[in-house]
Every structure is written in C-alpha cells, then in structure tokens.
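Engineer: got a sequence here, can you build the structure:
(2 chains, ligands or ions: 1)
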Amino acid sequence: MAFEIVVVGTSYGGLAALQVVLPALAPDFGLPIVVVQHRGKDTDNLCEFLQRHCALPLAEPNDKEAIAPGRVYLAPRDYHLLVERDGFALSTEAPVGYARPSVNVLFESAADVYQGHVVGVILTGANADGARGLAKIKAYGGLCVVEDPAGAESRGMPQAAIAATKVDAILPLREIAPFLNQLCQHEPGSSYAS
Amino acid sequence: MTSAALQSDQTQLEDIEIALLLEGLYRVYGFDFRDYSPASIKRRILERMRAEKIATVSAYQDCVLHDDACMERLLVGLSVHVTSMFRDPSFYLTFRQKVVPILRTYPTVRIWHAGCSTGEEVYSMAILLQEEGLYRKCVIYATDISREVLRKAREGIFPLAAMQEYTGNYMKAGGKHEFSDYYTAHYDNVIFHPALKTNVVFSEHNLVTDGSFNEFHVILCRNVMIYFNKALQERVHNLIYDSLSMFGVFGLGNKESLKFTPRADFYDKLDSRDKLYRKVR
Ligand SMILES: C[S@@+](CC[C@H](N)C(=O)[O-])C[C@H]1O[C@@H](n2cnc3c(N)ncnc32)[C@H](O)[C@@H]1O
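Structural biologist: Predicted coordinates for the structure are as follows:
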C-alpha cells in the first residue's frame, strides 16, 4: 500500500507534541502532512510559531488550494478543514464535538478521498475527537498510528482512538516522526497494512 | 473481497447516489446544489440522514422527492449560515483605512453583500460607514439564497450573549464609539437601531442561478464560495467581476483567494493580509 497523505490530530498538549514531531521529519519527506490542532480564538500566530520548529514549509491553506507533498498544512482557526480530490475545502459549519477545526471532519474526508492510502496519527488531547475518524481510516485499509497514552501529556484522545479501532502502531512521541519518515521512504507497492 | 475494498465500493456507490439526489433536488424543486463542494455537502447530507434515521441515500432521495417537509429540512441542513459581527476585525480595519478614502471620492456608493446570511456583516458595515460619515450616500444590497436568514437579517435582532465578543471585534476593527450605542437590549436579545438599515435593501438572490442585477462600487462575498466547487467558483467570480464597476472593491473571506481563478489578473491587491482587491482592468 503506497500512502498519499498523512493526517494528524491533536488537542491539549498538542503544541508541545508538535514541537517534538515536526522538527524530526525528514527534510525530503515525500507526502503532504495535514494537521488539526484544536486552538482558541487568539492563536493567529500559531503558524509562524510552528514553522520555527519545522524544516518543511508550513502554512494554513486557502480554500481549494492544491495539496502538495513535502508540505505541512495547519487547519486555520475557526474553520473545518476537509480534503477533496482536487485540493482543500474549508467550512464554517457548526463545531463537531465542540471543536472547529475538528479532527474527525478532516480524517473522515481524507478516508473518503484517499481511501486506503491515508496515514492517520493521533497525538495527545483531553477529549475523544479523532477516534471516529481514525476508525474510518482503518475501515478503508489506511494506517493508524497513536501516541502511547502512557507518556502522553493528555491521554484522552489516544485512549479513545485505541478503543475505537485496531490501531497499527502505538508509539512514544519521539518515535512517531522516525516511523513516518520510514513509511515515506518505502517504495510504492510494499505493504504495511494487512 | 477484503472489508476495505467493500468500504471503498460502498463510498463510490454513495457518491453516485448523492449526485442523483442533488440532480433530483434540482430537477424537481429547482434548488441547484450540484456544484457545491463535495466533501462538505456529503457530510451534511449524511448528517441529515442520521437525523431522519434513514440508512441509504437512495431511500433518502425517495423521501426528499416525495415529501416537501423532508425536502425543506434538507435545505436547512445543507446551508451553513454561521456568521458574526466584525468577523475578522482586521478586515474591517483595513476597509476603514484603504477603502473608505476611495469611497469618499464618489457621489453615491452601491455596496453588495452577496451571501449576507443573518445580516451581522451588513450591520457591521452600516456602523462603519456611519462612523466614517458615508452612510447617507450609500445603498447596501444584502442578498442571500435563503428567505429565512433574510427575514432574520431584516429584523436585526441578535442574542445578547454574543455582544461581548462583538464588542471586542468592533474595537479591534477600529470602532470609534461605544458598541452598545448601536443597539437596545431586550431580555436575552438586542435589537440594532433601525437607522442602520434605512439604506439597506434585503432581497433573495441565488449566485448559482441568478444573474448580475446592478453595478456596484463594493462587493463583499465572504465565506460563501468556500461551499462551491472550483467550476462554480469560477462562474461566480465572473458574475462578481461583471457586477463591479471599474476600480470597484471586492472582499473575500480570510481563507479565500483570487489566486488560480480566471479573474486573478483583473484585480490588484489592496492589502497583502486581508482579502481586499480592486478591479483594475
Ligand atoms: C457562512 S455564510 C457567510 C456569511 C457572511 N458573508 C460571513 O462571512 O460571515 C454563507 C451564506 O451563503 C449563502 N449561500 C449559499 N449558497 C448561496 C447561493 N447559491 N447564492 C447566494 N447565497 C448563498 C448561505 O445561505 C449562507 O447564508
């Protein structure tokens, strides 16, 4: 199974977690990475902040922007971020489970479009957002990675994800980027998911 | 077949059923959602189906096409009306600084809010124009596809609970007075002063099926086209271009861009961060 996109969801503690994951990504990382971090009203500078910790170009996408490999995309404040066949789509519909952006909304749309070619990653967070989306990714034959709740700043999201589906890898935070780097180097056609 | 392969077959089938449902909705009732952005329209249809406790899109289509009430509920579910006053305050601040001086030079000003929803954007603009001494020479056309939101917009009644956030936005947007000067509280609601809507014309207009109806000096179409697919966006960009006078100003939502649209080269950016453009050819 060759992967085409990595989607990442995190909430409470996510900022610190992303500062561990992003800098450890290979500079020639070959897939697009799309991140939903739950964020409050006054977080307009999150993008600039995270870019300082990331060698890959990182940006909040505009509506209908094309999805390019080797880039990190951050869901903008107060919008849901969805992926479609020809790019990103944004929406201001009601928060899902109190969250906008919602991890489930991103993950479900990614599974719909990329089917089995999605890698879903759940990091620290104090709610259950992402569990349903990760289960959908799994149902389509995608690969599911969850931060080990034992070491997570907040266990809620990882635990909910693990309870919702049979995940492929439960890893300590610092091993997640190396794991993704390896996936990416793999020749298309080789299989991780069974 | 593996379960994953079954899943993706089912998704394909569902996508076909959704296309048929939207085609039916258009052919039977005239509401054209066929070129809306697929990911979010699918989400909202599936959400409606869960609420109606219907398992397949085909069964849902049966209900929508034969039961007006079911169709009405779908229409409500398909629309996203979320809005607020002085949403993205810096947009309004930039408007004050860069657009107001342009408008001062015109004897009369026609403004079009396309997709105005429940009117918060319109009242925000009316307040801004009044503070800049321009309101009297402006006519504001506020349009939306939905009759229900226009009714609310005309009333100008909003929840009191929202005023704290709006007051903050108003101040960040360069507001010159007390925000509470503009409304009267009544129990859990506030009513905005009717003087703010004397020069506002609220009316139904569908960006997909209706044409240009005037020439404007300013057109705001914010967070409306994000619900359209690329092809429909292009059509609406053409409609807006055709409805804008030369050197007219066009405003988009914070995460929308003119880049990659066929009209991109016909506008100059008025500001690098806020989505305000000026028609130059
Ligand atoms: C998210 S609201 C945006 C409100 C406001 N402009 C803002 O930015 O806060 C989108 C609005 O677009 C309207 N809309 C959707 N499709 C439309 C169409 N084809 N023609 C006109 N309005 C439409 C919806 O009814 C809704 O009120």
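Engineer: without its sequence neighbours, what residue ends up closest to the residue in chain A that the ligand sits nearest to?
Structural biologist: In chain A, no residue comes nearer to the ligand than A:Thr92, which is 5.0 Å away by CB to the nearest ligand atom. For the C-beta atoms, the positions are set from N, CA and C on the backbone; glycine is no exception. Among residues not flanking A:Thr92 along the chain, B:Val82 sits closest, at 4.4 Å (CB to CB, 6 or more residues apart in numbering or on different chains).
Engineer: show me the contacts for that neighbour.
Structural biologist: Listed by CB atoms under 8 Å, 6 or more residues apart in numbering or on different chains, the contact partners of B:Val82 are A:Thr92, A:Glu93, A:Ala94, B:Ser117.
Engineer: ramachandran coordinates for the residue of chain A closest to the ligand?
Structural biologist: Its backbone dihedrals place A:Thr92 at phi -110, psi 20, with angles given as degrees, to the nearest 10.
Engineer: circling back to that earlier point, helix or strand for the residue nearest to A:Thr92, which one?
Structural biologist: Using DSSP states H and E, B:Val82 sits within no helix or strand.
Engineer: are we agreed that A:Cys184 is in a helix?
Structural biologist: Yes: when the secondary structure is assigned by DSSP: H, G, I helix; E, B strand; the rest coil, A:Cys184 falls within a helix.
Engineer: let me see the contact set for it.
Structural biologist: Contacts for A:Cys184 were tallied using CB under 8 Å, 6+ apart; they are A:Phe3, A:Ala26, A:Phe29, A:Gly30, A:Leu31.
Engineer: narrow those to those that are buried.
Structural biologist: A residue is treated as buried here by neighbour count (16 or more other CB atoms under 10 Å in any protein chain shown); on that basis the buried members of those are A:Phe3, A:Ala26, A:Phe29, A:Leu31.
Engineer: most widely separated two among those residues?
Structural biologist: Largest separation among the buried ones among the contacts of A:Cys184 by CB to CB: A:Phe3 and A:Ala26, giving 14.2 Å.
Engineer: okay, now residue 163: neighbour count?
Structural biologist: As the question left the chain open, I've gone with chain A. Other residues near A:Ala163 number 11, with proximity taken as other CB atoms under 10 Å in any protein chain shown.
Engineer: I was after chain B.
Structural biologist: A total of 18 residues lie near B:Met163 under the criterion other CB under 10 Å.
Engineer: cool, A:Leu56 as well?
Structural biologist: Number of residues near A:Leu56 (other CB under 10 Å) recorded here: 18.
Engineer: surely it and A:Phe29 touch.
Structural biologist: Yes: with the criterion set as CB atoms under 8 Å, A:Leu56 and A:Phe29 qualify as a contacting pair; they are 6.0 Å apart.
Engineer: name the residues contacting each of the two.
Structural biologist: Among the neighbours of A:Leu56, those also in contact with A:Phe29 (CB under 8 Å, 6+ apart) are A:Gly70.
Engineer: hmm, back to that, so which of the contacts of A:Cys184 sit within helices?
Structural biologist: In helices, judged by DSSP state H, none of those are found.
Engineer: contacting residues for the residue nearest the centre of chain B?
Structural biologist: Nearest to the mean C-alpha position of chain B, counting by CA atoms, centre = their mean, stands B:Gly115 at 3.1 Å. For B:Gly115, the residues meeting the contact criterion (CB under 8 Å, 6+ apart) are B:Thr143, B:Asp144, B:Ile145, B:Leu207, B:Cys221, B:Arg222, B:Asn223, B:Val224.
Engineer: what of A:Leu25?
Structural biologist: Counting by CB under 8 Å, 6+ apart, A:Leu25 touches A:Ile33, A:Cys54, A:Ala55, A:Leu56, A:Val72, A:Ala177, A:Leu180, A:Asn181.
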